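Colleague: need coordinates for the following:
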Amino acid sequence: MDKPWFDGFEARDFDLDGARVHARIGGREGAPALLLLHGFPQTHAMWRRVAQTLAPSFRLVLPDLRGYGDSAKPAGAPDHANYSKRAMAQDVANLMRELGHARYGVCGHDRGGRVAHRLALDHAAAVTKLAVIDIAPTLDMYEATDIRFASLYYHWFFLIQPAPHPERMIGADPVAYLHWKLGRWGAGDASNYREPEALAAFERCFSDPAAIHGACEDYRASFGIDLQHDRESRAAGQKIACEMLVLWGKRGVVNQLFDPPALWRAQCAGRVSGEVMDAGHYIPEELPEATAQHLGKFFAQMP
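Modeller: A predicted model of the protein is given here:
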């Protein structure tokens, strides 16, 4: 992959219902639309190698989620509802509608997978296929919390603490915190990243106090209003209606503590396929070619 940085992709800002969404758009005009959603503590830049491999076959949309990258970073509401996965899913649904895509596939890694899950529930008519990378359903993960999970995923419990305490602690040295998170969950440390431009983008964006606050609000919402929404969906018998692909890392915490395909099958009315990958948590960056191959095959035939 020797192409220049995001060669053939256009970066744009969209004002959608008062929320600014920054996104890169590229790939083949008229091809099936595929939405790629990043996770914590990253931006859309994590998808660069995967996206440029998929570009000949798909019309690709890579947004920064609310609170991340160059998208809007509002102050959190008292109930954190403006950082709920429902609110984030509405952002990207509005973006796809603005771009003229009535139906599309969606793949999310990490927090982006949780947004993609809610998108598939709240906007089922729009989502043709769903892929999630290295996550199990949020509600199942919280309800299975034990000492192993709490220690390995300590950040789920640190970031939800009341503002501004986590923000101040991370803000004392945000780049060091960013590098530690990337290195701990990936292969090696952050200096081993294949994409120096992506790492520079993460450093620039995560050094913004508003982005640190946005990330904390993302997790605060997951611990509160997102669980409420998930419980309501399950009580109503609501399930993902489309076909799913689940990819997860052999060396990741999700593989150690959970059974991702079984948990997703319980939440999906469609066919669920999956594969464990020889990677840590950051699969699209550790194994970009293999990730693109899986996604290209799965999304090749969309309803």
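Colleague: where does the stretch 101-250 of the chain dip in pLDDT?
Modeller: Applying pLDDT under 70 to the stretch 101-250 of the chain flags residues 184-194.
Colleague: what about the helices in it?
Modeller: 111-122, 138-143, 147-152, 155-158, 165-171, 174-185, 196-206, 209-223, 225-235 (DSSP state H, counting those that start in this stretch).
Colleague: ok, residues contacting the fourth one?
Modeller: Read it as helix 155-158. Y142, A150, P166, K181, Y219, S222, F223 (CB atoms under 8 Å, 6 or more residues apart in numbering). In short, each C-beta sits where N, CA and C put it, glycine included.
Colleague: okay, the helices of the stretch 101-250 of the chain in TSV with mean neighbour count and distance to D70 next?
Modeller: Output for the helices of the stretch 101-250 of the chain, formatted as TSV (neighbours: other CB atoms under 10 Å; distance: least, CB to CB, whole Å):
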stretch	mean neighbour count	distance to D70
helix 111-122	26	16
helix 138-143	17	26
helix 147-152	12	31
helix 155-158	16	23
helix 165-171	16	19
helix 174-185	17	16
helix 196-206	18	7
helix 209-223	23	9
helix 225-235	16	24
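Colleague: could I get these as TSV with distance to A269?
Modeller: Formatted as TSV, these follow (distance: least, CB to CB, whole Å):
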stretch	distance to A269
helix 111-122	11
helix 138-143	17
helix 147-152	28
helix 155-158	28
helix 165-171	37
helix 174-185	31
helix 196-206	36
helix 209-223	24
helix 225-235	12
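Colleague: for the contacts of helix 155-158, name the two members farthest from one another.
Modeller: Largest separation among the contacts of helix 155-158 by CB to CB: Y142 and K181, giving 19.8 Å.
Colleague: R251: which of the contacts of helix 155-158 is nearest?
Modeller: Distances from R251 to the contacts of helix 155-158, taken by CB to CB, are shortest for K181, at 15.5 Å.
Colleague: do you know how far that closest one is from P288?
Modeller: Noted for K181: a distance of 20 Å to P288, by CB to CB, to the nearest Å.
Colleague: excluding chain neighbours, what is closest to the residue nearest the centre of the chain?
Modeller: Centroid-nearest residue in the chain, with CA atoms, centre = their mean: G112, separated by 1.5 Å. Counting by CB to CB, 6 or more residues apart in numbering, G112 lies nearest to L37, which is 2.9 Å off, once chain neighbours are set aside.
Colleague: any idea which helix or strand carries R49?
Modeller: Per DSSP states H and E: R49 is located in helix 48-54.
Colleague: starting at the chain centroid, how far to whatever helix or strand comes next after that helix?
Modeller: Next helix or strand after helix 48-54 toward the C-terminus (DSSP H and E): strand 59-63. Its chain's C-alpha centre and that of strand 59-63 lie 13 Å apart, by CA atoms, centre = their mean, to the nearest Å.
Colleague: with stretch 53-66 instead?
Modeller: Stretch 53-66 has its C-alpha centroid displaced from the chain centroid by 13 Å (CA atoms, centre = their mean).
Colleague: what's the span of it, first residue to last?
Modeller: Start-to-end span of stretch 53-66 (CA to CA, to the nearest Å) is 26 Å.
Colleague: one more: stretch 37-52?
Modeller: Per CA to CA, stretch 37-52 runs 15 Å from first to last residue.
Colleague: and for stretch 246-256?
Modeller: One end of stretch 246-256 sits 15 Å from the other (CA to CA).
Colleague: and the contacts of that stretch?
Modeller: With CB under 8 Å, 6+ apart, stretch 246-256 has contacts from 131-136, 148-149, 152-153, 185, 187, 260-261, 264, 272-281, 283, 286, 291, 294.
Colleague: which positions within that stretch qualify as buried?
Modeller: Across stretch 246-256, burial judged by 16 or more other CB atoms under 10 Å covers V246, L247, W248, G249, R251, G252, V253, V254, N255.
Colleague: what is the burial count for the closest residue to the first one other than its chain neighbours?
Modeller: Closest residue in space to V246, ignoring its immediate chain neighbours: G274 at 3.5 Å, by CB to CB, 6+ apart. A count of neighbours around G274, defined by other CB atoms under 10 Å, yields 18.
Colleague: in a strand, G274, correct?
Modeller: Yes: according to DSSP: H, G, I helix; E, B strand; the rest coil, the state of G274 is that of a strand.
Colleague: against N255, how distant is it?
Modeller: Here G274 is placed at a distance of 11 Å from N255 (CB to CB).
Colleague: nearest residue to Y142 other than its sequence neighbours?
Modeller: Nearest to Y142 is L227, by CB to CB, 6+ apart, at 6.5 Å.
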